[in-house]
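Visitor: output the structure for:
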Amino acid sequence: MLRSGSGDDSFWTDDITSERILDASNDEIDATAVHRVASFEPEFGYSVSKELNGQDLLDQPSSLAAAQGVDMAAGYEPSSLNTPATKKLMDALKTYAGWTKPYPAAGMEWGWFTADTAIEGLKVAGANPTQAGFISKLRKVTNFDHGGLTCPVNFAVFGDTNQQFPGNCTWMVKVKGQQFESLTGTAPIKVVTIPGTSN
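Guide: The predicted structure is shown next:
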């Protein structure tokens, strides 16, 4: 756990994406060179977590400046690859949410994946699905890649996939200018659990 600042401006973090440490003022996050930041709010006596990723990181000037050149993991194909799968996602966000920025905001992708998984479950459950039927049929799906956005997920094996990295793979990106530049191209890299640890 690292700490920067003192008194009301103290920040702690245990999830570093670069060596930069945050500065804070007026109880607001001023820069996030880290992926996740927890701040102690003395008047409330608890910690608050703030995560900036995707378009949110690019839209916050001090975060964008701090993140330049930082490598990050992306659990799905970066929109900058402009593949059929990313075009479909961004077109849907534009059509149904009025979103016209180049990347999804934090949370949009997880909403997409959750809804997409529910739709797949309803498709395989057939007419008049029950909760038990939905679950048992979805557990038979062994190669679901969210329309090409992620590596294939095997729902037949419980606990086999990392929540942040569907299909246990990731694309690596670097913040360059106003973009997330893919370091792995269109091919993701495999995420493997280290023996003796848990997912």
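Visitor: mind saving the C-alpha coords of stretch 169-187 as PDB?
Guide: The C-alpha trace of stretch 169-187 is given here as PDB (Å, rounded to 0.1, in the frame of the first residue of the first chain):
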ATOM      1  CA  CYS A 169      -7.100 -13.100 -22.100                       C
ATOM      2  CA  THR A 170      -6.400  -9.400 -22.500                       C
ATOM      3  CA  TRP A 171      -5.300  -6.900 -25.000                       C
ATOM      4  CA  MET A 172      -2.500  -4.600 -23.900                       C
ATOM      5  CA  VAL A 173      -2.900  -0.900 -24.700                       C
ATOM      6  CA  LYS A 174      -0.800   2.200 -24.200                       C
ATOM      7  CA  VAL A 175      -2.200   5.700 -23.700                       C
ATOM      8  CA  LYS A 176      -0.900   7.700 -26.600                       C
ATOM      9  CA  GLY A 177      -2.300  11.200 -27.100                       C
ATOM     10  CA  GLN A 178      -6.100  10.800 -27.000                       C
ATOM     11  CA  GLN A 179      -6.000   7.100 -27.900                       C
ATOM     12  CA  PHE A 180      -5.600   3.600 -26.400                       C
ATOM     13  CA  GLU A 181      -3.100   2.200 -28.800                       C
ATOM     14  CA  SER A 182      -3.100  -1.600 -29.000                       C
ATOM     15  CA  LEU A 183       0.300  -3.100 -28.100                       C
ATOM     16  CA  THR A 184      -0.900  -6.600 -29.000                       C
ATOM     17  CA  GLY A 185      -2.700  -5.800 -32.300                       C
ATOM     18  CA  THR A 186      -5.800  -7.700 -32.800                       C
ATOM     19  CA  ALA A 187      -4.400 -10.800 -31.000                       C
END
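Visitor: which residues does that stretch contact?
Guide: Under the contact criterion Cβ atoms under 8 Å, 6 or more residues apart in numbering, stretch 169-187 has outside partners 57-58, 64, 67-81, 83, 102-103, 150-151, 188-191. Every C-beta, even on glycine, is put in place using the N, C-alpha and C of the backbone.
Visitor: which ones among these map onto strands?
Guide: Counting by DSSP state E, the part of those found in strands is Asp71, Met72, Ala73, Ala74, Ile189, Lys190.
Visitor: what count of nearby residues applies to the second one?
Guide: By that I understand Met72. 19 (other Cβ atoms under 10 Å).
Visitor: could you check the pLDDT of it?
Guide: pLDDT recorded at Met72 is 88.
Visitor: the chain: helices as residue ranges?
Guide: Assigned by DSSP state H, the helices in the chain fall at 54-59, 61-67, 84-97, 108-125, 131-138.
Visitor: elements contacting the first one?
Guide: Using 3 or more Cβ pairs under 8 Å, 6 or more residues apart in numbering; DSSP states H and E as the contact test, the elements touching helix 54-59 are helix 61-67.
Visitor: the nearest residue to Phe113 once chain neighbours are set aside: neighbouring residues, count only.
Guide: For Phe113, ignoring the flanking residues on the chain, the nearest one in space by Cβ to Cβ, 6 or more residues apart in numbering is His146 at 5.7 Å. The local packing of His146 (other Cβ under 10 Å) involves 22 other residues.
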